[in-house]
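**Student:** here is my input, please return the structure:
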Amino acid sequence: MPSAIIVEDEVLASERLRVLLEECQVVLLKTFHHAQPALDWLSVHEVDIVFADIGLPEMNGLEFVERIKRVAKKQPHVIFTTAYEEHALRAFELAAADYLLKPIKLARLQAALDRVGEKDEENADSFTHFKVFNRDRMVEIPWQQARYLLAEHKTVFLFTGDGKNYELPKTLVHWEEVLNDKVIRVHRNALVFRHTLDCLIRLDNDDDEGNASWGAQVLDVAEPLPVSRRQLSAIRRILRDGQ
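**Tutor:** Below is the predicted model of the structure:
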């Protein structure tokens, strides 16, 4: 059975959704009435689906989902819930699995859950884990725990959020093809996982903007990674659009 959390500031709406999810045999892990506590929870817990109201206080649901992409331990499916239709386009630009209008009907909710199930089946054969040697034994590391890959002296190293690194077989180009949209090349010798990109940092004090040096600040990594000029615009686009 899939798991879910609800992020909804209206108590009656969240209770109605809870009842419907129970009928659809979805395991509800938590209900949040504000976005920030939900983000904090997602940074250390995993869940299959997030039901997010768009009209949240302090931080709207669209901004909330943009931040999920940067902090979530595992990227969940997102289903928006709202009383208004005008945000649908932006919701799907954020790769939402569905967009449910209130009051939510049981059949419509089940259709959204079926769509999520179909997506999971489509992705069942996609890359999920790195297999690395650690102290003479093979271990599996979910890609969501990775932060970046770095090529040094013809060897590729995987760096994880807990500060550890592991040697990987094959080339950086190979891993770029395997990981595809999960990563962005920030420099000729570095791939960063998109969901861990935090911001760009100016690395120099030169007054000439055209000659500026920039670094990519990565989640859980103290030192920013150098960014090549060729990749600067692509990284800015990812940070702006959350894609």
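
**Student:** okay, CA-based contacts and neighbour counts for the rest of this
**Tutor:** Fine.

**Student:** other SSEs contacting the helix or strand of the chain at the bottom of the mean pLDDT ranking?
**Tutor:** For the chain, using mean pLDDT, DSSP states H and E, the weakest element among its helices and strands is helix 88-93, scoring a mean of 75. For helix 88-93, the packing partners by 3 or more Cα pairs under 8 Å, 6 or more residues apart in numbering; DSSP states H and E come out as strand 98-101.

**Student:** just the mean pLDDT for the strand it packs on, thanks.
**Tutor:** With pLDDT averaged residue by residue, strand 98-101 scores 91.

**Student:** now stretch 111-131
**Tutor:** For stretch 111-131, mean pLDDT is 81.

**Student:** buried ones in that stretch, by neighbour count?
**Tutor:** 112, 113, 116, 130 (16 or more other Cα atoms under 10 Å).

**Student:** the third one and residue 38, how far apart?
**Tutor:** Just to be clear, that refers to residue 116. Going from residue 116 to residue 38 by Cα to Cα, to the nearest Å gives 21 Å.

**Student:** coming back round to it: next, format the buried residues of stretch 111-131 as a markdown table and append distance to residue 50 and secondary structure.
**Tutor:** Converted to a markdown table, the buried residues of stretch 111-131 look like this (distance: Cα to Cα, whole Å; DSSP: H, G, I helix; E, B strand; the rest coil):
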| residue | distance to residue 50 | secondary structure |
| --- | --- | --- |
| 112 | 12 | helix |
| 113 | 11 | helix |
| 116 | 11 | helix |
| 130 | 26 | strand |
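
**Student:** need the helices for this protein, in chain order.
**Tutor:** Secondary structure of the chain (DSSP state H): helices located at 11-23, 35-42, 61-71, 88-93, 106-122, 172-179, 229-241.

**Student:** okay, the shortest one in CSV with CA atoms only?
**Tutor:** The C-alpha atoms that make up helix 88-93 are tabulated as CSV, following Å, rounded to 0.1, in the frame of the first residue of the first chain:
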residue,chain,number,x,y,z
ALA,A,88,-3.1,23.9,-12.8
LEU,A,89,-0.6,24.8,-15.5
ARG,A,90,2.1,25.8,-12.9
ALA,A,91,1.4,22.6,-10.9
PHE,A,92,2.1,20.4,-13.9
GLU,A,93,5.2,22.4,-14.7
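
**Student:** still on that earlier bit, what is the nearest of the buried residues of stretch 111-131 to residue 220?
**Tutor:** Of all those, residue 130 has the smallest distance to residue 220: 18.9 Å, by Cα to Cα.

**Student:** which one is the most centrally placed residue in the chain nearest to, not counting chain neighbours?
**Tutor:** The residue lying closest to the centre of the chain (Cα atoms, centre = their mean) is residue 69, at 2.9 Å. Excluding the flanking residues, the one nearest residue 69 by Cα to Cα, 6 or more residues apart in numbering is residue 195, at 5.1 Å.

**Student:** what confidence value was assigned to the one you found?
**Tutor:** Reported pLDDT for residue 195: 90.

**Student:** from residue 188, how far out is it?
**Tutor:** The value you get for residue 195 to residue 188, if Cα to Cα is used, is 20 Å.

**Student:** same question, residue 101
**Tutor:** 45 Å.

**Student:** quick revisit: and the contacts of the least confident helix or strand of the chain?
**Tutor:** The contact list for helix 88-93 (Cα atoms under 8 Å, 6 or more residues apart in numbering) reads 62, 80, 98, 99.

**Student:** how far off centre is it?
**Tutor:** With Cα atoms, centre = their mean, to the nearest Å as the basis, helix 88-93 stands 16 Å off its chain's centre.

**Student:** just stretch 235-243 next, same as before
**Tutor:** Here stretch 235-243 is found 12 Å from its chain centre; the criterion is Cα atoms, centre = their mean.
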